[in-house]
Each structure stands twice: as structure tokens, then as C-alpha cells.
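K.L.:
Sharing a model prediction with you, sequence too.
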Amino acid sequence: MILARSLLYVIWIYLGMAAIATLYAPWTLFSRKGAMAAMRAWSRLAQAGLPIVGIRIKIEGLENIPDGPTLVAMKHQSMFDVTIPPLTLRDPCIVYKNELSSTPFMGFYLKHARMIPVARETQATALKRMLRAARTEADEGREIFIFPEGTRVRPGAPPQYKPGVAALYRELNRACVPIATNSGLCWPAKGVLRRPGVITVQILPPIAPGLPRADFMRELEGRIETASNALLPAAHAPAPALEPAQT
């Protein structure tokens, strides 16, 4: 039953993506607003179909998003997470893997929405381009959104935060809003199965600008990981660190 419902949901989101992409393409060719509208429409459709697989959504802390341009960093456990910025932020500019630029439909809309691709194989050059683009978009009032681990990580797995988020924090000199989630419990990083349950998204209080790099990374990882792990059942939670032996 879970497999059948999961397959039905996959059909729902991909047929919906094709329909929305076709419908919004003419508008998108002439205006970035068309691309943003298409992304919001697909995100609403993806979330609206979740009852098919017995999933509910709970979003907490919307009041923690500041007015105006800011940096937003979210835990990344599943593809569900990409539906969050279009529906919670006013005008998000998403940092994404450059490989997605060549995917059907998605690549077209990412380009026309002026999102920021990052080619990870040329790290130094890619970082400079990312920072330059982020500064331009932030100066236009957009929120810069990034998954600081750069890829999906299963619930409870050791975190692997990349330096790009710290570079953005320094370059933009804006507050950083951390977002925690447990989405991977219901929507695994790979495969088509979707498991019934509640996906919780917690938007946490912002980290003030101006912290030294090491302090910022420690604060960001600590907040996101602590909140995300608190959303996990005991079977998925990471083991506690061992206390040093007393001598």
C-alpha cells in the first residue's frame, strides 16, 4: 500500500511539474516574476498532494524571518525541502548545484528566476561567482537561501557543513536564519517511497551578523543540528558523545 501510494504521489508531482512548466513558460520568458510564480505553484502542488501518502506538514517560527534581505540556511534531508523557500520567503534566491541547470523544466526556471548555480569542481572560482551573484541579488532585496551541507543527508547522520555558507555570511553582512527539519523521516533522500508521518520545519531565531567565521559556523551547526535531532525519534537520533574517562 505504501509503495502504491508513493507511486501515485510521484505521478502527481511530476505531471504537475510538466503542466505548470508549460503553463508558465510564456510569462517566464518575459519576466522573472513568471519563474517565481511557477516555483510557488509547484511547491503548493507538491505540498497539497502529501495527504496521498499520509504526510502532514507543520511549519513553525515564521515570525523569525526578518523583513528585507537576509541569509537563510536550511537542513537538507529530502527533495521536499526545496518547497520551503518559495512558500515562506518573499523573494528567495536559491544557491543550487550546477548539475540541476541541465534538468528538464527545473533548469529553465532556475535560470529565469535568477537563482545561483555553483559548480563544485572549480571551488575557488565557483565561490567567487557565488558571492558576486549573491551580493547583486541581496542588493535588490532578495533573501539568499542555501543548504549549508550542499547535499541531502539522512536523519541523524553526522553533519558535513561546507564553507560556502560562512563566506556568504561574511560577504553579505546580514543576519542568518537557521531552519531545522525532520523531512527525511517521511521523504528519504533517495527512492520513491514516502512514509506517513508529520514533517516539521522549524524556522529558528536569526544569528546576528558580524561573528567571526569559526563562531558563526559553530553557532549555525549547533542550532540546526540540535533542533533537527530533537525532531527525530530515538531510533534515528545520533548517539550522544561519550564523556571522557575519569582518571
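P.N.:
Everything's here; your move.
K.L.:
Isn't L71 up against C176?
P.N.:
Yes - using CB atoms under 8 Å, L71 is in contact with C176, at 4.4 Å. From N, CA and C alone the C-beta is placed, and that goes for glycine too.
K.L.:
Please identify every residue contacting each of the two.
P.N.:
Common contact partners of L71 and C176 (CB atoms under 8 Å, 6 or more residues apart in numbering): 165, 169.
K.L.:
Ends of stretch 76-90, what's the gap?
P.N.:
20 Å (CA to CA, to the nearest Å).
K.L.:
With stretch 66-85 instead?
P.N.:
14 Å.
K.L.:
list the buried ones in it?
P.N.:
Buried residues in stretch 66-85, counted by 16 or more other CB atoms under 10 Å: 69-78, 80-85.
K.L.:
in the protein, what secondary structure element scores lowest on mean pLDDT?
P.N.:
helix 123-139 (a mean of 90; mean pLDDT, DSSP states H and E).
K.L.:
What helices and strands are in contact with the next helix or strand along the chain from that one?
P.N.:
Scanning forward in sequence from helix 123-139 by DSSP states H and E, the next helix or strand is strand 143-146. The contact analysis (3 or more CB pairs under 8 Å, 6 or more residues apart in numbering; DSSP states H and E) places strand 143-146 against strand 71-74, strand 92-97, helix 123-139, helix 164-172.
K.L.:
where do the helices sit along the chain?
P.N.:
Under the criterion DSSP state H, helices of the chain are mapped to 2-30, 32-48, 84-88, 106-112, 123-139, 164-172, 213-230.
K.L.:
burial measure for K58, as a count.
P.N.:
Neighbourhood size, K58 [other CB atoms under 10 Å]: 11.
K.L.:
Same question for L220.
P.N.:
22.
K.L.:
can you tell me how far the residue nearest to I203 when sequence neighbours are not counted sits from V153?
P.N.:
Sequence neighbours aside, G61 is the residue nearest to I203 in space, at 3.5 Å (criterion: CB to CB, 6 or more residues apart in numbering). G61 is 21 Å from V153, where distance means CB to CB, to the nearest Å.
K.L.:
So A113 is in contact with K33, correct?
P.N.:
No - counting by CB under 8 Å, A113 does not reach K33; the two are 9.2 Å apart.
K.L.:
So for the two, which sits in the more crowded spot?
P.N.:
Neighbour count, other CB under 10 Å: between A113 and K33, A113 has more, with 21 against 13.
K.L.:
Report the contact partners of the more buried one.
P.N.:
32, 35-36, 39.
K.L.:
phi, psi of it?
P.N.:
phi -90, psi 0 (degrees, to the nearest 10).
K.L.:
which regions of the protein sit below the pLDDT cut-off?
P.N.:
Within the chain, the stretches with pLDDT under 70 are 120-122, 234-247.
K.L.:
coming back round to it: turn the helices of the chain into JSON lines, including distance to S183.
P.N.:
Putting those into JSON lines (distance: least, CB to CB, whole Å) gives the following:
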{"stretch": "helix 2-30", "distance to S183": "14"}
{"stretch": "helix 32-48", "distance to S183": "11"}
{"stretch": "helix 84-88", "distance to S183": "9"}
{"stretch": "helix 106-112", "distance to S183": "19"}
{"stretch": "helix 123-139", "distance to S183": "25"}
{"stretch": "helix 164-172", "distance to S183": "19"}
{"stretch": "helix 213-230", "distance to S183": "9"}
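K.L.:
Those helices: which one's closest to R194?
P.N.:
Nearest of the helices of the chain to R194, taken as CB to CB: helix 2-30 at 4.6 Å.
K.L.:
elements contacting the closest one?
P.N.:
helix 32-48, helix 106-112.
K.L.:
Identify the residues contacting the last one?
P.N.:
Just to be clear, that refers to helix 106-112. Contacts of helix 106-112 (CB under 8 Å, 6+ apart): 17, 21, 24-25, 28-29, 32, 34-35, 38-39, 94, 96, 100-101, 117.
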